[in-house]
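Student: Everything below, folded, please.
(chains A and B)
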Amino acid sequence: MSGANNSTDPAADELQYVQYEAAKEETYLPAIRQLISKDLSEPYSIYVYRYFLYQWGDLCYMALDPTNSSLIGVVVSKLEPHRSGTFRGYIAMLAVQESHRGRGIATKLVCMAIDAMAARDADEIVLETEVTNTASLKLYERLGFLRSKKLHRYYLNGNTAFRLVLYLKEGTALKRPDAEMGPVGDYQGLGMPQTQESV
Amino acid sequence: MAEDQTGPATASELPPDTIAAVDGAGPSRHVPAEPPRPSVGLPLRQQLKHQPAAPQARVHDITEKFTKASSALNVGQLVKDEFFTLFESIGALEIMDPKMDSGFLQPGEALEDACDTVAPLLPEELIGILDQLLCYEMAWHTGYPLSQTLFTSVYIDRLLWPEPRTLEQAQFYRGPIPDERRPGLMLEVLRSYCLALVKCCDFVIAKITGRDYFEEEDFCTHTYSRVLFTQMPMDVFQRELDAAIERLQDGTEMEIDPTVRDAIIARLNFRKDFLSALDLECSLDFIDRYWPPVIANLDPINTTHQLGKAVPGAFSFKIQRRLASTVPPRPTVELDFSDAFSKLKQLCTDGEEAVRVMSLDPDPLEYQSFLWAFASRKPTPLPYSRSYLCTLLFQESSVSIPLSDLKSLVFPCSTILDPSNWALSPPRNPMMPKPHRLRLAHLIDEFVERAGQAYLDFWTALGQNRCRLRRMLNHVIIGWDQLQHDAGFVDDDLMRVVGEMGIQDQVIPFPLTTWTYHKKLWMIEKIVLLGFEQDIYLPDEYAGMYLFLSSVSRRRNALLQTVLDHFHDRRSALLHSDAHADAQEVQDGAQYITSLLHEASGIRDLSLALSGFYTTLLYLRLIPRPTRPFSTPQLRDELRMKPFLTLTPQEMFPFPDLQAQILPYGAYDAPDSRLWEDLRGEEYWRDIEGHIKGAKEAFAQVKKLGAKAARAGGVEGAWGKEVQGVLASCVALGVEVAGVRRAVGWGEGGEGEVRTKVKVEIPGEGGRYSGGWVVGRVGRL
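Tutor: This is a model prediction of the structure:
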């Protein structure tokens, strides 16, 4: 499953890829926030980052410059039971420094997140991205994601999104929620505005 | 600093009473003041009426306790209960962050922009403000919240806050005012316009939230605790506008250039007519008279826009800070006047079009065609227009919708739907068997009642934005699948009664199942076609998805063939018994079936041809195929077929069958040798070309039978365009298939050589003759 990790681009391989550690929040979080919010019209509060990093820090991967440990790229994800009955991974944020784009760094980060989620028995992985973000669509679709839905005016800026889905296990489509869980909506639970911007 | 202090702590760590006393909202810091999305089906107007008064705030200093409590936690540690979701985390704000904290002021910055709302205005400035208000109104109509649009107006803010008890109190000032400061004519005109504009917003929100189902995603109903004159009747706003127009026309109060004065009056007239058209209680008898005057007023506004002079101070981004909201202030949404004007024009013409639904034949199939055509209008109708149409349609449904639909498809001139069945009384003695016809009536009633909800869901879906229409149909077909299951039981009972009556040969076998199944298949076809239209499928999925579409339409076609045979049998039988009028009625009804039959076979053939075309392109490697290291064809097929997996009968191909059909020569990158033999032969292409020809003929038949036969007589123009678009797609596909065939014949080499000579481009939605029919363009390199 890790075939896509064998990137031939030396630039992607020269970097240091590390898993996030909660103990090093003070080292990493300011840089992560800065990198992610660069392309956002409205910033996330620190709680959004902590919501992910505190609970699923092990699904967050960073690409660091080996010479000075500066942050080049980051992927932030979560994995939990979803109302539809599946164990669902969600890629919430993905960003790479503009000067380092186009070298497969984002792909490598996403692959690491997918591998980690697959190892933890995820049924599926989902995310949203703007319909006009060709680079992001291409990245995920190369890896195996399909578009499952178009979401009209999904983002606060009025832009429309595609929901992308990757099934990791057979039988995922037929999983059903526990009886006490509510109906499954298109816009509930998720709803990260503009997070797949900078890849 | 702010991060470190506020980060780790949540209210649950602190004595609950301390926090409760601070924000009055109970023991959680993140409880939003209002639910960000009002629940579906509860109109905001009701919510507003029951708003409890805010509890009296008491202030306690908790700094010390708070600091002590948070020092027990690590940096980054999140203490939360299970109800704290991503949604809450996104709603959380950081105190002292200039972008998030709406009370944060830069050094020397004032909380509010200073604006004197009673300072005199020039007539040109008035036009500037009115036109800017129109821009914000239209931005709101396209989905942005009032806070980022109309509520940035300092004038509207003054009118609405503090909340006036009477219209008289709604002024640009509050309390006593010296006579020399009293607003002059221009301000009075502005006030009358703003009052009516606010009332328009009230009507719009009420209309949209009045539907059982509406989408917050494309229209924002939030009013931030401002009451938009909900309780005041429309005529008081009309009177204010009339008075303003009169004072302007009188001309004694103020000298105004006549051109400018007329431009102002045109805007007031527009607002007056627009308000009437939006009125919730407008008379259905004269419904066609509301929009034409609004539309007539539009051009004078557009042509005089340049007379206006912008007044930037009339709008302030900072007003958002005072609105009851859980989100930080967001940038004001700027829509150009020309864009706003075309949106307004669209709103009005869509309103005028929607009114036509009232003049249609009372036939659910005509309504269905109308809804479909309306949803297909370009640009896509605004949320208000869709709600407007649905409100008209649903209040008009006095005929039994499912019953009338059933009659058209499966019960031509049938004893089963004979109105006299419903006139029979049950026997006095309950031990006696009920008359057969009465039993028929009861069975039909039972089914029609059962079908009501499924039918309503179907129509509701047709009233949504196009993306949601596709997603909702995925759920609606599940309801119809269950209905089909239930229909089977009613059919059994029905056939038993019919058998006892000895009229089996007058009734199509399993009529209710047939009807339900037909509708379900029609929806599945639409789901797939909308998927193509919305670019849900990637090019290397086209072959499989068009194959699936052809299989669904093949079944619908077969079903319709049985129905048509039944119509013919009925007609012959009626002619035989000299019931000529009835025979004619059946013959007329058969037109509809014939039209459907041709449509289904056209879809079947065209999608089969496209499937063949794209399979060929895959073997020639002219279509990109992502490597997909994390996925398998089987997993992707499961994801694609998810909406259809539970349907009975099974519609999807079992995976091995699908593979066999879209990979007839083995793997795309290692095909067996027969491929090139076949590609250079006749038969391979004859198949594809045959399907194209079949499709062309079928759609030509649909066209020839006409809109009335297709039960789209009310939308003949739109319907004709749609059929023409599909026909053009057939022709285009013929050309492209010929192009591929030529390229294959050019050299002796394999696909590698073909790829050096031609390329395939997939046109975007704008480059297609018909959104759901994607014909790749083969071009020479």
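Student: so what pLDDT did residue A:43 get?
Tutor: Looking at residue A:43, its pLDDT reads 77.
Student: Was I right to think it contacts residue B:93?
Tutor: No. With contact defined as Cβ atoms under 8 Å, residue A:43 does not count as touching residue B:93 (10.6 Å). Every residue, glycine included, has its C-beta placed from N, CA and C.
Student: hey, what's in contact with both of these two?
Tutor: Taking Cβ atoms under 8 Å, 6 or more residues apart in numbering or on different chains as the criterion, residue A:43 and residue B:93 both touch residue B:100.
Student: Pull the number of nearby residues for residue B:503.
Tutor: 14 (other Cβ atoms under 10 Å in any protein chain shown).
Student: ditto for residue A:30
Tutor: 13.
Student: Report all helices and strands that the helix or strand containing it contacts.
Tutor: Taking DSSP states H and E as the criterion, residue A:30 maps to helix A:25-37. Packing partners of helix A:25-37 (3 or more Cβ pairs under 8 Å, 6 or more residues apart in numbering or on different chains; DSSP states H and E): helix A:46-56, strand A:71-81, strand A:87-96.
Student: Pull out the buried positions in the second one.
Tutor: Buried residues in strand A:71-81, counting neighbours by 16 or more other Cβ atoms under 10 Å in any protein chain shown, are found at A:71-79.
Student: and chain B, which of those contact it?
Tutor: Here is what survives when these are matched to chain B using Cβ under 8 Å from any Cβ of the partner chain: residue A:78.
Student: Now for whichever residue of chain B sits closest to chain A: which residues touch it?
Tutor: When scored by Cβ to the nearest Cβ, chain B has residue B:631 as its residue closest to chain A, at 2.8 Å. Counting by Cβ under 8 Å, 6+ apart, residue B:631 touches A:143-145, A:166-167.
Student: Tell me which two in the residues you listed are the farthest apart.
Tutor: Of all pairs drawn from the contacts of residue B:631, the greatest distance, 12.4 Å, lies between A:143 and A:167 (Cβ to Cβ).
Student: And the two? Which one has more around it.
Tutor: residue A:167 (28 against 22).
Student: secondary structure class for the closest residue to the more buried one other than its chain neighbours?
Tutor: Excluding the flanking residues, the one nearest residue A:167 by Cβ to Cβ, 6 or more residues apart in numbering or on different chains is residue B:635, at 4.3 Å. Assigned by DSSP: H, G, I helix; E, B strand; the rest coil, the conformation of residue B:635 is helix.
Student: need the contact list for residue B:635.
Tutor: A:144, A:167-170, A:172.
Student: how much space is there between it and residue A:169?
Tutor: Counting by Cβ to Cβ, to the nearest Å, the separation of residue B:635 from residue A:169 is 8 Å.
Student: Equivalent analysis for residue A:146, please.
Tutor: Going from residue A:146 to residue A:169 by Cβ to Cβ gives 15 Å.
Student: which one of the two has more residues nearby?
Tutor: residue A:146 (23 against 15).
Student: Surely that one touches residue A:164?
Tutor: Yes. Here residue A:146 reaches residue A:164: they are 6.9 Å apart, a contact under Cβ under 8 Å.
Student: Can you verify the residue of chain B closest to chain A is assigned to a helix?
Tutor: No. Under the criterion used here (three-state DSSP), residue B:631 is coil, not part of a helix.
Student: Include pLDDT when you put the buried residues of strand A:71-81 into CSV, please.
Tutor: Converted to CSV, the buried residues of strand A:71-81 look like this (pLDDT from 0 to 100):
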residue, pLDDT
A:71, 96
A:72, 96
A:73, 96
A:74, 97
A:75, 97
A:76, 96
A:77, 97
A:78, 97
A:79, 97
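Student: for the buried residues of strand A:71-81, which one is nearest chain B?
Tutor: Among those, and counting by Cβ to the nearest Cβ, the member closest to chain B is residue A:78, at 7.7 Å.
Student: Report the separation between the spatially closest residue to that closest one that is not a sequence neighbour and residue A:176.
Tutor: Ranked by Cβ to Cβ, 6+ apart and with sequence neighbours excluded, the top spatial neighbour of residue A:78 is residue A:56, at 4.6 Å. Counting by Cβ to Cβ, the gap from residue A:56 to residue A:176 is 25 Å.
Student: Taking the buried residues of strand A:71-81 together, which two end up most distant?
Tutor: A:72 and A:79 (24.1 Å).
Student: before we move on, the earlier item: residue A:56 and residue A:176: which is more packed in?
Tutor: Under the criterion of other Cβ under 10 Å, the comparison of residue A:56 against residue A:176 puts residue A:56 first, with 22 against 10.
Student: residue contacts, that one?
Tutor: A:77-79.
Student: Next, work out how far apart it and chain B are.
Tutor: 11 Å (Cβ to the nearest Cβ, to the nearest Å).
Student: so what pLDDT did that residue get?
Tutor: In this model, residue A:56 carries a pLDDT of 96.
Student: what's the answer for residue A:46, then?
Tutor: pLDDT at residue A:46 comes out at 89.
Student: Over to residue B:328?
Tutor: We note a pLDDT of 76 for residue B:328 in this prediction.
Student: And for residue B:176?
Tutor: 89.
Student: Any regions of chain A where pLDDT drops low?
Tutor: Residue ranges of chain A with pLDDT under 70: A:1-12, A:41, A:179-199.
Student: give the contact list for whichever residue of it sits closest to chain B.
Tutor: Closest approach between chain A and chain B, counting by Cβ to the nearest Cβ: residue A:144, at 2.8 Å. The contact partners of residue A:144, taken as Cβ under 8 Å, 6+ apart, are A:166, B:626, B:628-631, B:635-636.
Student: From residue B:534, how far out is residue B:774?
Tutor: In terms of Cβ to Cβ, residue B:774 sits 11 Å off from residue B:534.
Student: Residue B:420 too?
Tutor: Residue B:420 is 48 Å from residue B:534, by Cβ to Cβ.
Student: Same check on residue B:589?
Tutor: Counting by Cβ to Cβ, the gap from residue B:589 to residue B:534 is 35 Å.
Student: the more surrounded of the two?
Tutor: residue B:534 (23 against 19).
Student: which residues in the stretch 451-600 of chain B form strands?
Tutor: Ranges of strands within the stretch 451-600 of chain B: none, based on DSSP state E, counting those that start in this stretch.
Student: what do you get for chain A?
Tutor: All strands of chain A, identified by DSSP state E, fall at A:16-19, A:61-64, A:71-81, A:87-96, A:124-130, A:146-151, A:161-167.
Student: for the second one, packing partners?
Tutor: Taking 3+ Cβ pairs under 8 Å, 6+ apart as contact, the helices and strands that strand A:61-64 lies on are strand A:16-19, strand A:71-81, helix A:105-119.
Student: Just the C-alpha atoms of the second one, please, in PDB.
Tutor: As requested, C-alpha coordinates have been extracted for strand A:71-81 and formatted as PDB (Å, rounded to 0.1, in the frame of the first residue of the first chain):
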ATOM      1  CA  LEU A  71       8.400  23.500   8.700                       C
ATOM      2  CA  ILE A  72       7.900  22.900   5.000                       C
ATOM      3  CA  GLY A  73       4.700  21.000   4.900                       C
ATOM      4  CA  VAL A  74       2.000  19.500   7.200                       C
ATOM      5  CA  VAL A  75      -1.000  17.200   7.100                       C
ATOM      6  CA  VAL A  76      -3.600  17.200   9.800                       C
ATOM      7  CA  SER A  77      -6.200  14.400  10.100                       C
ATOM      8  CA  LYS A  78      -8.600  12.600  12.400                       C
ATOM      9  CA  LEU A  79     -10.100   9.200  12.600                       C
ATOM     10  CA  GLU A  80     -13.300   8.200  14.500                       C
ATOM     11  CA  PRO A  81     -16.600   6.400  14.100                       C
END
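Student: What helices and strands are in contact with that strand?
Tutor: So strand A:71-81, by 3+ Cβ pairs under 8 Å, 6+ apart, packs with helix A:25-37, helix A:46-56, strand A:61-64, strand A:87-96, helix A:105-119.
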